[in-house]
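**Student:** sequence plus the predicted model coming up.
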Amino acid sequence: MTGGGVEDDPRDRAGDAARANAVGAGELGFLAAGSRVFAPGAADSSFRAAREWARGLLTANGPVPLVDAGELPPDAMVAAVSLVGSTTAFGEYLPGGDEPVRAVRALEGRLGERIAAVVPLNTAAENALLPLVAAASLGVPLVDGDGTGRVFPLLEQTTFALGGVTPAPLALAGPLGDVVVVDSAAQRVEELVRPLVLAAGGWVVAACYPARAGKLAESLVPGSVSRLVAAGRPGAPRAVAAPYGVRVLCSGRVTAVEQGPEPGPGRRLPSRPASILVREHGGLARLIRLEAYNEILMALADGAVAATAPDQICLISTADGTVVDVDRAAAGMDVEVVVLRAAPAWHTGAGRALGGPQVFGLGVPG
Amino acid sequence: MSAAGWESAITVAELVHGGPLGEAVLLGPRDGGGEVRDVRIADRLEVLASITPHTAVVLTGAAAEGGWAVEMALRRAWEQAAACVVAPAAAVSADSTGSLAVRLGVPLLVVSEDPLITAVRIATAAARPAAARTQLVARCAQELARAGTSARRVVGVLNAELAGASVALVDAAGTVLAGSRAGLAGPPLAEVAVPGPGGEELARLRAAGPPRSPGWPAVVAAVLELAVAPLTAWAARARLAAAREAAFGSALLDRLLRDPGDEGALRDAAALGWAVHGPLVAYVLRPVPPLAPEDLARHTPGVAASFDRPLVRHEDGWAGWCPPDPGLDAALRALPGRLPAPCSAGLSGVADGVAGLGGALADARAASVVAGSAGTLVRADEVGPAQLLAALPVDTLAAPARAVLAPLLAADRDGVLIATLAAVLDTGSPTAAAERLGVHRNTVAARLDRVRALGFDLEEPAQRLALHLACRVLREERGQ
């Protein structure tokens, strides 16, 4: 497994979905680019910080092996690694560098055994890079796959959870040196972690969803890391990053962004709801309404449901092709509304129950 | 107004504009949508799948949880041909949700009260449309009673209560006396005549706007009818006040002329803003042709209102006075176009206080007589003999003149005797007359002997003036 071998992979030339077997400093740029094809934050200092962090480690320690979950011994312990909290805080409160190691070590301490590999919880922007940082820091391989196939706002919204893996015990390591281990019932995790993250400085690295490789292989969305590396290569079509299908819902202009009320004390949601109104250019000139909580959860076209979570709905700026963060959408922007079909695990009864819009109080009649 | 119209199904626009949902904000199509025959409360969006056309859908609970829910409801309402969607204000953003309502053509009523109460109101109106319309008429009656007899307030009530319709009070010339000019646009929804106190048509009350339902024009007509009596009363009151004011001014002037030292009259005059001390000039407007006294009285308020200085009825016209003012001339010259009757005008010279007012008024009146034709102003201090003579009413005097001169006219076949007589009277001596006529002095003397022989005595002062006038009139009449 060498970093330079990726370009020579015969499957690349066959036009097949590219499959890397290691991520080195050379692939990092592609992975970074691929991680933003359907995720916002290209210009964010937090993203640049994560990329430079990974670049330093890969340059010093060499490439990180990329393995399929099935290639690992079935009883090998694997943990998911993710950034939890505000990416803005991450960009301003830069990491000390040992957060992933501290988190994983704490989790290992709780589990009483070592971690054999790291798997991304999701592969959007920073979250594609931090597991790589963790694997490089720990000297373990990175599993080629992730726990969502997209991004969800809640820790428990993963295909791991759908496959019966629980997020806890989990360990959090923050930039101020804090390490917290949380061991609780799955549905309590979100509530416990949110205030801890705030107290720890706004962001933490979480090591969570500890699972045997055999169990993990059944529940993860496979191939996500190598897919992003392929999607990030210059000239690669956008669709490479959307293996289950992508469609353009409409092309139009944002006419208004409406902030919803602060969530009440009973709501366990990480942010305020927002509505983004888009008027379609040409065609039927439909009025598109996007309902968002961190992520866009539902798209209405002239009042009819056009797309909902668990499928991923994102706004892509017509001006520069970058993904527009929900928080940065503003009236006057020309955008494409794009819908990425979610991994098959999400299109089951349990998947829709965990990732559907009703989780956020958006009841969609049958 | 037909009973059928009153019983026709109530429309969304009627519910909102002055109807039982008067507090609601209507978003969506401008023309306000169609009939409402039923109402349905939807606490879940699934309920909308089973509604019938012409139903008003009232959203509550989960169906009103946010803009997205209201938009989904609008969409379903559109698919089911519902009459309208009613949503609580908290769930609606006017901009985006309103745009979709416009796009789908589904009226969206945004209410602040409990939607369940709204549902009851709609149900009542839909079940008994005539009662709902009667309620509007009753409320209008109440508001009109409050408005009293002010035309502006009465028409204001109509425009406020008949929301969506524009009401104007228009006179025969098409001038809007009160209300909105939009009331003249397009075919009228309803129109009623407003009689004056004497029963003559004073103005028309006209309402224009979209005909929202078969029953709407009848309702509007009923409401306009309610406004007729207060408007007639308004006209009567306005006239009464004007007439009273005119009579008071005229009486006050008489008192001042009778006794310039009457302190009460002076005080009253001062209260009206009339000048009572110092130099003043008087002016008189004299109707041409003359008006009958009742017409003078009728026009007095109009005349008084058309001038920014005092004008009261005086003798056969109108008079007023003020301190000498360089702008007065121009103001009087500009006046005729604004007067309700054609007038000539006279302006006196400067008099000293109220004591000189009688004389000044007489001068001004004489000047107005000299001015003669309508629209002409003559200043008394500029009137000369020629102007006085020119002002002689030739038509009136021609017959008496011929009677006075009858013997002379009968004897004077070629007119030389009349011409000689006029020349002698004009010039004052036979010598000068001979010179003007171009004959010998003895010829003039011989002709004068013949005139004397016919019984005319030129040396007798009274006869001499009458003869002179008669000659002048006949010569004017003949255009010489």
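**Tutor:** Received it, and whenever you're ready, just let me know what you need.

**Student:** which sections of the stretch 201-350 of chain B are below the confidence cut-off?
**Tutor:** In the prediction, the stretch 201-350 of chain B carries no residues with pLDDT under 70.

**Student:** swap in 80 and give it another go.
**Tutor:** For the stretch 201-350 of chain B, applying pLDDT under 80 flags the ranges B:211-215, B:238-243, B:245-246, B:270-273, B:276, B:301, B:305, B:336-340.

**Student:** helix, strand or coil for the spatially closest residue to B:Gly105 that is not a sequence neighbour?
**Tutor:** Spatially, and ignoring its direct neighbours in sequence, B:Gly105 is nearest to B:Pro29 (5.0 Å; Cβ to Cβ, 6 or more residues apart in numbering or on different chains). C-beta coordinates here come from the backbone N, C-alpha and C atoms, glycine included. Classification of B:Pro29 into helix, strand or coil gives coil, according to DSSP: H, G, I helix; E, B strand; the rest coil.

**Student:** list the contacts for B:Pro29?
**Tutor:** Contacts for B:Pro29 were tallied using Cβ atoms under 8 Å, 6 or more residues apart in numbering or on different chains; they are B:101-102, B:105-107.

**Student:** which among those residues gets closest to A:Ser86?
**Tutor:** When the contacts of B:Pro29 are compared for distance to A:Ser86, the smallest value, 37.5 Å, is given by B:Ala101; criterion: Cβ to Cβ.

**Student:** burial check on B:Arg40, number of neighbours?
**Tutor:** Look at B:Arg40: counted by other Cβ atoms under 10 Å in any protein chain shown, it has 18 neighbours.

**Student:** what's it in contact with, if anything?
**Tutor:** For B:Arg40, the set of contacting residues under the criterion of Cβ under 8 Å, 6+ apart consists of B:47, B:51, B:55-58.

**Student:** tell me the SS of B:Thr232?
**Tutor:** Taken by three-state DSSP, the conformation at B:Thr232 corresponds to helix.

**Student:** could you say which helix or strand holds B:Ser96?
**Tutor:** Using DSSP states H and E, the secondary-structure element containing B:Ser96 is helix B:94-104.

**Student:** that helix vs chain A: in contact?
**Tutor:** Yes - with Cβ under 8 Å from any Cβ of the partner chain as the measure, helix B:94-104 is seen reaching chain A through B:95-96, B:99-100, B:103-104.

**Student:** what subset of those is buried?
**Tutor:** Among the residues of helix B:94-104 next to chain A, those classed as buried by neighbour count (16 or more other Cβ atoms under 10 Å in any protein chain shown) are B:96, B:99-100, B:103-104.

**Student:** nearest to B:Glu79 among the residues you listed?
**Tutor:** Distances from B:Glu79 to those, taken by Cβ to Cβ, are shortest for B:Leu104, at 9.3 Å.

**Student:** quick check: closest non-adjacent residue to that closest one.
**Tutor:** B:Trp78 (4.3 Å).

**Student:** and after the helix or strand that neighbour falls within, which helix or strand comes next?
**Tutor:** B:Trp78 belongs to helix B:67-79 when assigned by DSSP H and E. Once helix B:67-79 ends, the next helix or strand along the chain (criterion: DSSP H and E) is strand B:84-88.

**Student:** mind jotting down where the strands sit in the stretch 251-366 of chain A?
**Tutor:** Along the stretch 251-366 of chain A, the segments classed as strands by DSSP state E, counting those that start in this stretch run A:274-280, A:287-293, A:295-301, A:304-317, A:323-324, A:334-340.

**Student:** chain A against chain B: which residues are in contact?
**Tutor:** With Cβ under 8 Å from any Cβ as the criterion, chain A comes near chain B at residues A:255-256, A:258, A:260, A:273, A:275, A:277, A:287, A:289, A:291, A:298, A:300, A:302-305, A:361-366.

**Student:** ok now the helix holding B:Ser96, how far from the chain's centre?
**Tutor:** Taking the mean C-alpha point of helix B:94-104 and that of its whole chain, the gap between them comes to 46 Å (Cα atoms, centre = their mean, to the nearest Å).

**Student:** the helix or strand that it is followed by: partners in the sheet, and parallel or antiparallel?
**Tutor:** Tracing the chain past helix B:94-104, the next element assigned as helix or strand by DSSP H and E is strand B:108-111. In the sheet, strand B:108-111 lines up against strand B:25-27 (antiparallel), strand B:84-88 (parallel) (DSSP bridges).

**Student:** confidence-wise, which of the ones you listed is weakest overall?
**Tutor:** Confidence, taken as mean pLDDT, is least for strand B:25-27 of the strands paired with strand B:108-111 (a mean of 85).

**Student:** show me which residues of it are buried.
**Tutor:** In terms of neighbour count (16+ other Cβ under 10 Å), strand B:25-27 has its buried residues at B:26-27.

**Student:** for the residue positioned nearest the centre of chain A, which non-adjacent residue is closest in space?
**Tutor:** Among the residues of chain A, the smallest C-alpha distance to the mean C-alpha position (Cα atoms, centre = their mean) belongs to A:Asn122, namely 3.0 Å. Spatially, and ignoring its direct neighbours in sequence, A:Asn122 is nearest to A:Thr148 (4.3 Å; Cβ to Cβ, 6+ apart).
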